[in-house]
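Asks: just coords:
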C-alpha cells in the first residue's frame, strides 16, 4: 500500500512526496515505556510552528475515527454517487446531440473502510496475519475499463475540444463548435455535466498544479505529522521493538513500503511475520494514537489558516449533494 493510497480521498488520486525519516540513537524497548491508562502525555519538542496536542488517546486502530478535514471532503460513498450523476448527465448531453454514448463501466477495486483505516499503515492483527501488507481484497487484479472509441466529431462534443494539449471538460476547452445544428457547450458534455453538479474551481487543481485546498490539507497534514518530533519519538520506540523481533526498519512506513512485498500478488510468510510484528509494536507504543492526534492537530491548524477557502468548499459540497440527488 503506497503513500498515495494512504493519503488520497479515494475519489480523486493525489500524490504526497514525503521525505524519508532517518532515526538515530534509538533507545531499546522496555516494558516501562509502554504506558498505562487511557491517554498519554502529549510530549514536547514538536518544533517551531507545530500545533499543540492537548492529549493523545490510546488507540490500536483508527478505522472508526474521523479527521477534521473530512467535513470538507466527499465520503467514498458520496464520491461514487457524484460520479454516477456526472456520467448520467454526460450521457443525456450526448443523446441531445444524437450521439450514442456508453457510460464507462465502473470496476470495483479495493477501497478502505474509511479515510483513516490504512492512513498510518495496517493495524488489524488478524488481517496482517493472513494478508501481510496487502489488505483483504486488494490482491484481486482490477482491469481499467476500455473507453468507448468515438469519432473525432463526437469526441469533440464530449470533451469540448479535440486539442490533445487541452484537458477535456476544462475551462480551456471552450466548446462553441457546431454539431448537427447545435452549439457544443463550454467544456463539452463533460463540462456541462460538471457545471450542472455545481463544480467549483476550489475543487480543481490550481494553474500551477497544486491540489484543491481540502485535499492539500489532507495530504500535507500527513506529511507534516510524519516528520513531527512527537511522532518520530514513537517511531524510535517502534523501531527498537521491531529490531528485538529481528527486523530493521526506521519507521512503520519503511516496513509497509518495503519493495520486496511488491514482488508477489499474495503475501509471503515473511511479509506476514513482519506485518504482524509491525502491528504489535504499534500497539505496544501507541504509535497510532500519537500519530493520529498529531495529524489531526495539523489539520485543525491548516483549516484555520484556510478558513475562507474551505468555507467555500463546504458550501459547494452541500450544493453538489443536493444537485446530485436531483439527478439520480
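Replies: Arrived safely, thanks for sending. All values reported here derive from a predicted model rather than from experimental measurement.
Asks: just the strands in the stretch 101-250 of the chain please.
Replies: 178-179, 182-183 (DSSP state E, counting those that start in this stretch).
Asks: where are the low-confidence patches of the stretch 51-200 of the chain?
Replies: 106-108, 141-145, 200 (pLDDT under 70).
Asks: okay, now residue 163: neighbour count?
Replies: Neighbour count of residue 163, defined by other C-beta atoms under 10 Å: 13. The C-beta positions use only the backbone N, C-alpha and C, and glycine is treated the same way.
Asks: hey, where'd the helices end up in the stretch 101-250 of the chain?
Replies: Secondary structure of the stretch 101-250 of the chain (DSSP state H, counting those that start in this stretch): helices at 125-131, 152-159, 188-196, 213-227, 229-244.
Asks: for residue 53, find the nearest of the strands of the stretch 101-250 of the chain.
Replies: Closest approach to residue 53 among the strands of the stretch 101-250 of the chain is made by strand 182-183 (55.9 Å; C-beta to C-beta).
Asks: about what we covered before: need the helices of the stretch 101-250 of the chain in TSV with distance to residue 304 and mean neighbour count, can you?
Replies: As requested, the helices of the stretch 101-250 of the chain are exported to TSV (distance: least, C-beta to C-beta, whole Å; neighbours: other C-beta atoms under 10 Å):
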stretch	distance to residue 304	mean neighbour count
helix 125-131	36	16
helix 152-159	39	19
helix 188-196	30	23
helix 213-227	10	22
helix 229-244	20	21
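Asks: redo those as TSV? Include distance to residue 281.
Replies: Compiled in TSV, these are given as follows (distance: least, C-beta to C-beta, whole Å):
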stretch	distance to residue 281
helix 125-131	12
helix 152-159	50
helix 188-196	46
helix 213-227	17
helix 229-244	4
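Asks: could you give the number of residues near residue 149?
Replies: Using other C-beta under 10 Å: residue 149 sits among 7 other residues.
Asks: contacting residues for residue 99?
Replies: Each residue near residue 99 by C-beta atoms under 8 Å, 6 or more residues apart in numbering is listed here: 150, 154, 157, 158.
Asks: helix, strand or coil for it?
Replies: coil (DSSP: H, G, I helix; E, B strand; the rest coil).
Asks: if I look at it, how far off is residue 182?
Replies: 11 Å (C-beta to C-beta, to the nearest Å).
Asks: and residue 68, by the same measure?
Replies: Distance from residue 68 to residue 182, by C-beta to C-beta: 46 Å.
Asks: between these two, which has more neighbouring residues?
Replies: residue 68 (19 against 12).
Asks: number of residues surrounding the residue nearest to that one when sequence neighbours are not counted?
Replies: In space, and not counting its chain neighbours, residue 68 is closest to residue 299: 4.4 Å by C-beta to C-beta, 6 or more residues apart in numbering. By other C-beta under 10 Å, 23 other residues sit near residue 299.
Asks: next: residue 92.
Replies: 15.
Asks: the helix or strand that contains it packs against which elements?
Replies: In this structure, residue 92 sits in helix 76-96 according to DSSP states H and E. With contacts taken as 3 or more C-beta pairs under 8 Å, 6 or more residues apart in numbering; DSSP states H and E, helix 76-96 sits against helix 152-159, helix 188-196, helix 307-327.
Asks: the closest residue to residue 288 other than its chain neighbours: what's it in contact with?
Replies: Of all residues not flanking residue 288 in the chain, residue 59 sits nearest, at 4.8 Å (C-beta to C-beta, 6+ apart). Applying C-beta under 8 Å, 6+ apart, we find residue 59 in contact with 65, 286, 288, 289, 292.
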